[in-house]
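Trainee: got a predicted model here, sequence first, then my questions.
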Amino acid sequence: MKVELFSISYFIYLGIFIFLLIGLSSLLKHKSEAFNTRVISGMLFFALVLHFSKLLFPPYVNTDLALKKITPENICAFSTLAFPFIFLTRNKYLKDYMFFIGLISGTLAIVFPAEAFGKEPLIFDTIRFYIAHMIITIAPFLMVFTGLHKLDYHRVFAVSLIFICVMAIILINEIILIEIGQVNIDETPDGKPLTDPYRYRNYSFIFGPVVEYLRNNNITLLEDFLGIFIPNFLTEIPFGEHAGEKKYWPLLWVIMPAIILITFASFMISIYWEKEHIKEDWVQIKKYFRKTFFPRKRV
C-alpha cells in the first residue's frame, strides 16, 4: 500500500492532521502565554531538526546530491527553516506571513501530498513529510488562536509582497543548486529544450504554474485558472528562434496572481478574527460618506 490521492493512508494522515489541529487547540486554549510559547516554539524547532535529519535516512543518506533537500527549495521548506525564528521575533508583518502562508501552503500540501505520492506510508520520509507540513500549518494557527499574535486585516497587503520575496529566494537557491552541481544534468537547461515546461525542477511554481502530475493526467484547471491573472506577455518567449512560443517568465509570472489571490485569501481568512474590526471600519466609512456627500443642512 502506497500513498496515493484518496487512498486509505491518505485519509489516515488527513484524519491525524485534523485530530491534532482540534486537540492542540483545545489543549492550549486556556494555558498561559509562556506555556503556549514554549509548546509552539518547540513544535517549530522540532520540524527544523526533522528537516535536517532527513540526511540520515533513505533515500537521502550516502549521496552528496541530497544536500539540496535541506535548502529552501520550495515554499514549505523555506517555512520550516524560517518559521522558528519568525515566531520569536516581534515583526507583525512576518508573523502575518507565517500565519496565512503556513495555513494555506501547509494545508494544500496535506490535501494534495504530491511529494509523498508513490511512497510507502510508514517509511521515515513519508512520516517526516507529514509531520513537517502538519507543524508549519498547525503552529501558526495556534499562534493566532491562543492570542500570541493578533491579526490586522489592514496588513494583509504585505503578505503577497513577502511571498514574492520568498519566491525570489527560492529561485536564487535553485540557480545556485544548478550551478554547483546539486541538480542532475537531465533536470537542467543542458538536458532539456527551452520550451520544455519541465526544463527545471519547478518547485513552488517559480518557473510557471505547471504541475507534471496534473499535465500527465490532462488536468489543466489550475494552469487555466491562474492564467486569468497573468499578463499575456509573461507567458511567451519574446526573443530568439522560439519567439512567440509558450513559456512562463521565471518568478515574474507570479506577481499579479500573488498580489490578487493571496491578498484576497488572506483577507477572507482574517475575517473570522477581524469581524469586529471590519465592522468598526465599515461604520467609519459610512459616516465619512454621509458627512461628505450628504451633509446635514443647517436650520
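Mentor: On my side now, so go ahead.

Trainee: quick one: residue 68 and residue 183 touch, right?
Mentor: Yes - between residue 68 and residue 183 there is a contact at 6.7 Å, judged by C-beta atoms under 8 Å. In short, each C-beta sits where N, CA and C put it, glycine included.

Trainee: any common contacting residues for the two?
Mentor: Common contacts of residue 68 and residue 183 (C-beta atoms under 8 Å, 6 or more residues apart in numbering): residue 177.

Trainee: now the helix ranked longest in the chain: buried residues?
Mentor: Secondary structure of the chain per DSSP state H: the longest helix is helix 263-293. Under the neighbour-count criterion of 16 or more other C-beta atoms under 10 Å, helix 263-293 has 263, 265-267, 269-270, 273-274, 277 buried.

Trainee: could you find which two of the residues you listed are furthest from each other?
Mentor: 265 and 277 (18.1 Å; C-beta to C-beta).

Trainee: re the thing from before, now the buried residues of helix 263-293 in a markdown table, with pLDDT?
Mentor: Conversion of the buried residues of helix 263-293 to a markdown table gives the following (pLDDT from 0 to 100):
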| residue | pLDDT |
| --- | --- |
| 263 | 97 |
| 265 | 97 |
| 266 | 97 |
| 267 | 97 |
| 269 | 96 |
| 270 | 96 |
| 273 | 94 |
| 274 | 95 |
| 277 | 94 |
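
Trainee: show me how far stretch 159-170 is from its chain's centre.
Mentor: 10 Å (C-alpha atoms, centre = their mean, to the nearest Å).

Trainee: before we move on, what about stretch 22-34?
Mentor: On C-alpha atoms, centre = their mean, the centre of stretch 22-34 falls 25 Å from the chain's centre.

Trainee: any low-confidence regions in this structure?
Mentor: 185-191, 197-198, 212-215, 296-299 (pLDDT under 70).

Trainee: let me see the contact set for the most centrally placed residue in it.
Mentor: Nearest residue to the geometric centre of the chain (C-alpha atoms, centre = their mean): residue 105, 3.3 Å. By C-beta under 8 Å, 6+ apart, the residues touching residue 105 are 75-76, 79, 136.

Trainee: ok, residue 89 - contacts?
Mentor: residue 95.

Trainee: now it: how far from residue 250?
Mentor: Plainly put, residue 89 is 30 Å away from residue 250 if you go by C-beta to C-beta, to the nearest Å.

Trainee: for the longest helix of the chain, name the packing helices and strands.
Mentor: helix 92-111, helix 156-179 (3 or more C-beta pairs under 8 Å, 6 or more residues apart in numbering; DSSP states H and E).

Trainee: ok so, going back, possible to save the buried residues of helix 263-293 as a markdown table with distance to residue 283?
Mentor: A markdown table is the format used below for the buried residues of helix 263-293 (distance: C-beta to C-beta, whole Å):
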| residue | distance to residue 283 |
| --- | --- |
| 263 | 23 |
| 265 | 25 |
| 266 | 23 |
| 267 | 18 |
| 269 | 23 |
| 270 | 18 |
| 273 | 18 |
| 274 | 14 |
| 277 | 11 |
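
Trainee: sketch out the helices for the stretch 101-250 of the chain, chain order is fine.
Mentor: 124-145, 156-179, 212-216, 221-227 (DSSP state H, counting those that start in this stretch).

Trainee: out of those helices, which is the most enclosed?
Mentor: helix 124-145 (a mean of 22; mean count of other C-beta atoms under 10 Å).

Trainee: rewinding a little: which one of the buried residues of helix 263-293 is nearest residue 115?
Mentor: Taking C-beta to C-beta as the measure, residue 115 sits nearest to residue 265 out of the buried residues of helix 263-293, at 22.2 Å.

Trainee: contacts only, for the nearest residue to that closest one once chain neighbours are set aside.
Mentor: Leaving aside its sequence neighbours, residue 265 sits nearest to residue 104 (C-beta to C-beta, 6 or more residues apart in numbering; 6.2 Å). By C-beta under 8 Å, 6+ apart, the contact list for residue 104 reads 262, 265, 269.
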